[in-house]
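**Q** sequence and predicted structure below; questions after.
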Amino acid sequence: MKYPLVISCRALPAVATLLIIALQIPGARAQNAGAPNAPSACARDSGGVTTPRGFCATVFADNIGHARQLVVAPNGVVYVNTWSGRYYKNDTPPPGGFLVALKDTKGDGHADVIECFGETVATGGHGGTGIALYKGALFAEINDRIVRYPLTDSEIAPKGEPETVVSGLPLTGDHPMHPFAIDAAGDLFVDVGSATNACQDKNRMPQSPGIEPCAELETRAGIWRYDANKTDQRFSPAERFATGLRNGEGISFDATGRIFATQHGRDQLYENWPRLYKPEQGHDLPAEELVWLERGADYGWPACYFDNDQQKLVLAPEYGGDGGKKVGVCAQKQAPVAFFPAHWAPNDMKIYNGSQFPQPYRGGAFIAFHGSWNRAPAPQGGYNVVFQPLADGKASGPFVVFADGFAGAFKDPSQAAHRPSGLAVGPDGALYVSDDRRGRIWRISFEGGPEIAGIEAAPAPASSARSVAGPGDATPPEGIHPNAGAEVAALSPPPGATADEVALGERIFKGEVGGATCAGCHGADGAGSSVGADLTSGKWLWGDGSLKDITRTIVDGVPQPKEHTSAMPPMGGAKLSEAEVNAAAAYVWALGHRN
C-alpha cells in the first residue's frame, strides 16, 4: 500500500506506524480480493471504506493527528484542524503545530507535501475543531479563540502570525469545541455546545431535575454570529443567533444561502429516568437532527427532545416530561428538517454545492457520524457518512449510508480503527473525510458514467464491523468481543473472589447481564474513551484500586469526573443486585491488575 504513512512535521514512532498498518491491511485485502460486496468502480485501495457504484474512496493522507474538521482551498490545498486533550485520553500530540496543510502535487490522489503550522503544545496550544476559508484567509479555532491567517499563492502553509477574530469562547463542560462556518457576506456562525447533557441540577445524575430557567442558555447551547471581517471581537451573550441546540457541530449553507446545522441529541433517558423509559429507549432515543437555522429560533434543548418514533418534539423528563407523551412548550419549538438514529454523533455536515457528483446529490447534505458510545448494551451505531437529499430546505427522501467501513472490525469508541469527524468539498467536487482517531483523510470522487442516475447506498464492508451486543442478540459474546473467552480466562480474580465472578463481571460490563452500560463509556475492552477512564492502565482516579474502592465507585457513581467529559450515574444507570455489583467490581479489579 502506498499510503503517506509518515510525514515530516508529524512523524510517528515506528511501532505506531506498524500497528496502524497491521490494523488496516486485512480490510483492504478483503476488498481487493474481490469480496462480493466490494465496489467495482474503483480499482485503487479504499482503506477499507465502501461507497456506492461509480464512486471511489482513496486514502489522501494518514497519521496527521486527531483530525477534526477540514477545508479545501481553490488551489487544492487541504487544511485540517487537529485537537488534543481529554477527548483523546490526554495522549501526547504529534510534534508540530496543530494545523496541517496538505497538497497532492503529483496528481496521484495522495498528499506528498505536508506542513504543520500554528500553535504547538510548547506555546500552550491544544488544537481545535473549526476551520474555514474566507477572502483569501484561513480561519481556525485554537483553544478559546478563532484566529485568521493570511494566505498567499506562493505558500502552502501560512508563515505569518495570525490575528484574533473572536476570543473568550467557553471551554468548560461536555462540549468545549467550536466548529464554525462563514457565509459569502462574512457572517461567521459559531457553534457553542452545551456544558451539560440536559441542564440538570446534577449533570447526568438519576432523577435530577432541570434547572428552571436554564441559565446555561445565555452563553451555551446555540449558534453565535460574528463578523469575519473584524478582529478582536469578544464572546458574549449579545451575539447569540439561535438557541436550543445542544451541540450543533456541522454548519453549512445551500446555494440560496440558507443555513443548516446538525444537532447531537441528548443522552441517558433510561439511565437517568428508569421509571419513565424502557432500556431500549435509552439507546434508541432521541434522534440526531438536521435543522434549518433561522435567526432567533429555538430548537428545544434542554426542555425538549425529538422522538424519532413519534416524529415530534416532546417534553424532556427533567422539565415535566412523562416518557414521551407530553408536548407542552415543545409545540412552540422548531422541529428538524430531517432526523437520524440516536447517538450516531453528527460531527460535521456539508451541503453538496459541487458539480462532480451526479445531479441527485447536488443540494443535499453529507453528514459525518462520529459513532456512538452510549447505545450500550445495544450495538453501537454510526461510524459512517450518510447522504440526506434536500429540496427547498426540506428533506426530499430518506437518508442513505454513503460511505461505510471506517470503524473496521469493531464499532466501539476504544476499538474502532477510524471515526469520521470532518467533511469538505474540494474545488473539483470531490468529498474529503477526516478521521480523528488515527488522523486519516479520505478523498471520495465520482468516476462513474451516466448509468449512475440515482442515489444509492454503500455496500456493506467486506468485513462488517461488530459491536457490543444487547439482550436478545443471537451472536454469542465470543463472536463480538475479540478473544473474549481467552481474555477473561487470563484474568486473575481479586482476593476473596472467584474466576466465575470475574466471568460474570465481564458479561455485566459488556451489557449481556443486568442492562449495564459500562462498555459504552469505558470501551468494550475497558481501555477507556473520552467519556470513561481506562480501567486497564492500573491508574485509579477514585481510590487506591482496592476491591472495596472499586465497589464503592460503582455503587456511588461519579457525579463530577476528574479527567473525562461524562459523569457516571450510580451503577452506570443500571439496576444491579449486590451480587452483580460485586462481580462487576471483581472484573474491573482484574482488568486493572493484570500486570
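**A** Cool, the structure landed. Keep in mind that this is a model prediction, so the values were computed, not measured.
**Q** please make it C-alpha for all contacts and neighbour counts, starting now.
**A** Noted.
**Q** ramachandran coordinates for residue 505?
**A** For residue 505, the backbone dihedrals are phi -60, psi -40 (criterion: degrees, to the nearest 10).
**Q** which ones are touching it?
**A** Residue 505 makes contact with 580, 582, 583, 584, 585, 586, 587, 588 under the criterion Cα atoms under 8 Å, 6 or more residues apart in numbering.
**Q** next, name the residue at the spatial heart of this structure.
**A** For the chain, the residue nearest the mean C-alpha position is residue 370 (3.1 Å; Cα atoms, centre = their mean).
**Q** show me what contacts that one?
**A** Neighbour list for residue 370: 344, 345, 346, 347, 382, 383, 384, 419, 420, 421 [criterion: Cα under 8 Å, 6+ apart].
**Q** so which of these are in strands?
**A** 346, 347, 384, 420, 421 (DSSP state E).
**Q** redo the contacts of residue 370 as TSV? Include pLDDT.
**A** Listed next are those as TSV, based on pLDDT from 0 to 100:
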residue	pLDDT
344	97
345	97
346	98
347	98
382	97
383	97
384	98
419	97
420	98
421	98
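**Q** which one of those is nearest residue 460?
**A** Checking these against residue 460 by Cα to Cα gives residue 384 as the nearest, at 11.2 Å.
**Q** list the contacts for residue 289?
**A** 262, 263, 264, 265, 336, 337, 338, 339, 340.
**Q** switch to 10 Å and redo it
**A** Residues near residue 289 by Cα atoms under 10 Å, 6 or more residues apart in numbering: 245, 248, 261-265, 305-306, 308, 335-342, 345-346.
**Q** which of these count as buried?
**A** Buried by 16 or more other Cα atoms under 10 Å: 245, 248, 261-265, 305-306, 308, 335-336, 338-342, 345-346, out of the contacts of residue 289.
**Q** which ones among these are found in strands?
**A** Among these, the ones falling in strands (DSSP E) are 261, 262, 263, 305, 306, 338, 339, 340, 346.
**Q** distance of the first one relative to residue 245?
**A** For residue 261, the distance to residue 245 under the criterion Cα to Cα, to the nearest Å works out to 9 Å.
**Q** swap in the fourth one?
**A** In this structure, residue 305 and residue 245 are separated by 10 Å, where distance is defined by Cα to Cα.
**Q** where do the contact lists of these two overlap?
**A** 265, 289, 299.
**Q** with pLDDT and distance to residue 59 added, can I get those in TSV?
**A** Formatted as TSV, these follow (pLDDT from 0 to 100; distance: Cα to Cα, whole Å):
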residue	pLDDT	distance to residue 59
265	97	31
289	98	29
299	98	37
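**Q** quick one, helices of the stretch 401-550 of the chain?
**A** 484-489, 499-509, 518-522, 547-556 (DSSP state H, counting those that start in this stretch).
**Q** how far does the last one sit from its chain's centre?
**A** Yep, that's helix 547-556 we're talking about. 30 Å (Cα atoms, centre = their mean, to the nearest Å).
**Q** now for the helix or strand just after that helix, which elements pack on it?
**A** The helix or strand immediately downstream of helix 547-556 is helix 578-592, counting by DSSP states H and E. The helices and strands touching helix 578-592, judged by 3 or more Cα pairs under 10 Å, 6 or more residues apart in numbering; DSSP states H and E, are helix 484-489, helix 499-509, helix 547-556.
**Q** need the contact list for residue 412.
**A** 371-374, 376, 379-381, 383, 419, 465-468, 519-525, 529.
**Q** how about residue 145?
**A** So residue 145 contacts 128, 164-170, 178, 232-235 (Cα under 10 Å, 6+ apart).
**Q** stretch 164-176: which residues count as buried?
**A** By 16+ other Cα under 10 Å, the buried positions in stretch 164-176 come out as 164, 165, 166, 167, 169, 170, 174, 175, 176.
**Q** any idea how far the residue in the chain sticking out farthest from the centre lies from residue 502?
**A** For the chain, the C-alpha farthest from the mean C-alpha position belongs to residue 496; by Cα atoms, centre = their mean, that distance is 40.7 Å. Distance of residue 496 to residue 502, computed by Cα to Cα: 11 Å.
**Q** intersection of neighbour lists for these two?
**A** residue 586.
**Q** which regions of this structure sit below the pLDDT cut-off?
**A** Within the chain, the segments meeting pLDDT under 70 span 1-41, 43, 463-464, 466-488, 595.
**Q** could you redo the last one with a cut-off of 90?
**A** For the chain, the stretches with pLDDT under 90 are 1-45, 85-95, 153-154, 373-378, 412-414, 453, 461-494, 496-551, 553-595.
**Q** hey, where'd the helices end up in the stretch 251-400 of the chain?
**A** Using DSSP H, counting those that start in this stretch, helices in the stretch 251-400 of the chain cover 269-272, 279-284.
**Q** just the stretch 1-150 of the chain next, same as before
**A** Using DSSP H, counting those that start in this stretch, the helices of the stretch 1-150 of the chain run over residues 14-32.
**Q** can you show me the strands along it?
**A** 55-61, 66-72, 78-83, 99-103, 113-117, 131-134, 137-142, 145-150 (DSSP state E, counting those that start in this stretch).
**Q** need those in TSV (columns: distance to residue 540).
**A** Listed next are the strands of the stretch 1-150 of the chain as TSV, based on distance: least, Cα to Cα, whole Å:
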stretch	distance to residue 540
strand 55-61	37
strand 66-72	26
strand 78-83	25
strand 99-103	34
strand 113-117	35
strand 131-134	36
strand 137-142	31
strand 145-150	33
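**Q** select, out of those strands, the one closest to residue 351.
**A** Across the strands of the stretch 1-150 of the chain, residue 351 has its closest neighbour in strand 66-72 (13.3 Å, Cα to Cα).
**Q** now the closest one: buried residues?
**A** 66, 67, 68, 69, 70, 71, 72.
**Q** ok, stretch 111-131 next?
**A** Under 16+ other Cα under 10 Å, the buried positions of stretch 111-131 are 111-121, 125-131.
**Q** ends of that stretch, what's the gap?
**A** End-to-end distance for stretch 111-131, by Cα to Cα: 19 Å.
**Q** could you do stretch 500-520 as well?
**A** End to end - Cα to Cα - stretch 500-520 spans 23 Å.
**Q** quick check: residue 42 touching residue 53?
**A** Yes: using Cα atoms under 10 Å, residue 42 is in contact with residue 53, at 8.9 Å.
**Q** need the residues touching each of these two.
**A** Common contacts of residue 42 and residue 53 (Cα under 10 Å, 6+ apart): 446, 447, 448.
**Q** got a winner among the residues you listed for most neighbours?
**A** Neighbour count (other Cα atoms under 10 Å) singles out residue 446 as the most crowded of these, with 21 neighbours.
**Q** what sits against that residue?
**A** Residues in contact with residue 446 (Cα under 10 Å, 6+ apart) are 41-42, 51-57, 356-358, 429-431, 452.
**Q** identify, from these, the entry nearest to residue 146.
**A** For these, the minimum distance to residue 146 (Cα to Cα) is 24.6 Å, reached by residue 431.
**Q** was I right to think that closest one contacts residue 355?
**A** No: with contact defined as Cα under 10 Å, residue 431 does not reach residue 355; the gap is 11.3 Å.
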